[in-house]
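[1] could you work out the structure for the sequence below:
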Amino acid sequence: MKRCVWLLLFPLLAQADEIGSQYRERAETGDRRAQYYLADTYYSSGDEQHARYWAEKAAENGEPDAAALLAQMMMKTNLPGARKLAEQATLAGSANGEIILAHTLVNTLAGKTDYPYALSLLEKAAKKTDSDAAVDAQMLLGLIYANGGEVSEDDAKATEYFKRSSMLSRSGYAEYWAGEMFLTGENGFIQPNKQKALSWFNVSCLEGNDSGCEALDALSGE
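    Residues are numbered from 1 along each chain as shown. Sure, this is the predicted structure:
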């Protein structure tokens with residue numbers, strides 16, 4: 001049995017070595033930006049352990065986006081801590097930090113909410129269309145208006161922000177993400193709402209997103 005386990009592990013280890021290989025040499029020499037890119041690549045691949053290791057190194061070297069990435073990871077377990085770290089990243093000039101901070105500012109579990117400040121941060125980041133932060137900023141703006149609550153629910157605004165976000169990433173992606181968020185909910189921010197999930201999956205599907213169509217079919221058949 002042990003032999004089988006090791007045979008299974010070897011391909012995984014080889015794959016792990018390949019992740020972020022274009023950044024590794026510079027990261028190991030202490031280049032903080034390369035360390036952040038390596039951390040972000042690991043995080044995107046689902047390897048949070050290695051992502052945290054390199055993000056911590058980059059943050060220690062003064063990389064603000066690395067602090068934002070650590071705040072993003074912390075949102076799963078410690079929302080007040082995530083807000084504090086995102087505030088530090090934002091003050092240091094991280095646009096990604098602004099997104100994470102805004103997200104914590106609309107979640108009651110992170111502390112007192114501040115929707116006006118959150119919206120101002122997101123609208124500022126949304127204007128930086130040459131940055132990946134604009135994709136996330138417009139996606140979160142759409143979600144806030146689709147959700148309602150402390151701001152008036154506005155599907156027209158939500159639709160417009162989702163469309164802008166998807167134009168910067170891929171067709172129907174923001175709407176698909178909104179469907180997933182309403183399907184599962186987020187404690188302190190969004191209550192699960194099957195009808196809203198169906199609605200946004202439908203929009204995603206109409207925009208030609210295969211994941212949106214699959215999610216719509218699966219949810220409609222329940």
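[2] state the pLDDT value of residue 11.
    Note for residue 11: predicted pLDDT of 41.
[3] do the same with the one 10 residues further on
    In the predicted model, residue 21 carries a pLDDT score of 87.
[4] and residue 76, how many neighbours?
    When neighbours are defined as other C-beta atoms under 10 Å, residue 76 has 9 of them. Every C-beta, even on glycine, is put in place using the N, C-alpha and C of the backbone.
[5] cool, and residue 57?
    Applying the criterion other C-beta under 10 Å, we find 19 residues in the vicinity of residue 57.
[6] where's it relative to residue 42, distance?
    For residue 57, the distance to residue 42 (C-beta to C-beta, to the nearest Å) stands at 12 Å.
[7] okay, now the unreliable bits of this structure?
    Under the criterion of pLDDT under 70, the regions of the chain flagged as low confidence span 1-17.
[8] all helices of it, in order?
    Defined through DSSP state H, the helices belonging to the chain, from first to last, are 2-18, 21-28, 32-45, 48-60, 64-74, 79-91, 95-105, 115-126, 132-147, 155-168, 173-184, 194-206, 210-220.
[9] could you pull out the buried residues of the third one?
    So that's helix 32-45. Of the residues in helix 32-45, those buried under the neighbour-count criterion (16 or more other C-beta atoms under 10 Å) are 32, 34, 35, 36, 37, 38, 39, 40, 41, 42, 43.
[10] which ones are touching residue 201?
    If a contact means C-beta atoms under 8 Å, 6 or more residues apart in numbering, then residue 201 has 175, 176, 179, 212, 213, 215, 216, 219 as its contacts.
[11] thinking residue 39 is in contact with residue 66, fair?
    Yes - judged on C-beta atoms under 8 Å, residue 39 makes contact with residue 66 at a distance of 6.3 Å.
[12] quick check: neighbours shared by these two?
    When C-beta under 8 Å, 6+ apart defines a contact, the residues bordering residue 39 and residue 66 alike are 54, 55, 57, 58.
[13] tell me the spacing between the most centrally placed residue in the chain and residue 97.
    Among the residues of the chain, the smallest C-alpha distance to the mean C-alpha position (C-alpha atoms, centre = their mean) belongs to residue 136, namely 6.7 Å. When C-beta to C-beta is the yardstick, residue 136 and residue 97 sit 11 Å from each other.
[14] hang on, the earlier thing: just name the closest of the shared contacts of residue 39 and residue 66 to residue 197, please.
    Ranked by distance to residue 197 (C-beta to C-beta), the shared contacts of residue 39 and residue 66 are led by residue 55 at 31.5 Å.
[15] so what's the residue count around the closest one?
    Here the neighbour count serves as a burial measure; for residue 55 (other C-beta under 10 Å) it reads 28.
[16] contacts only, for it.
    The contact partners of residue 55, taken as C-beta under 8 Å, 6+ apart, are 35, 36, 39, 40, 43, 66, 69, 70, 73.
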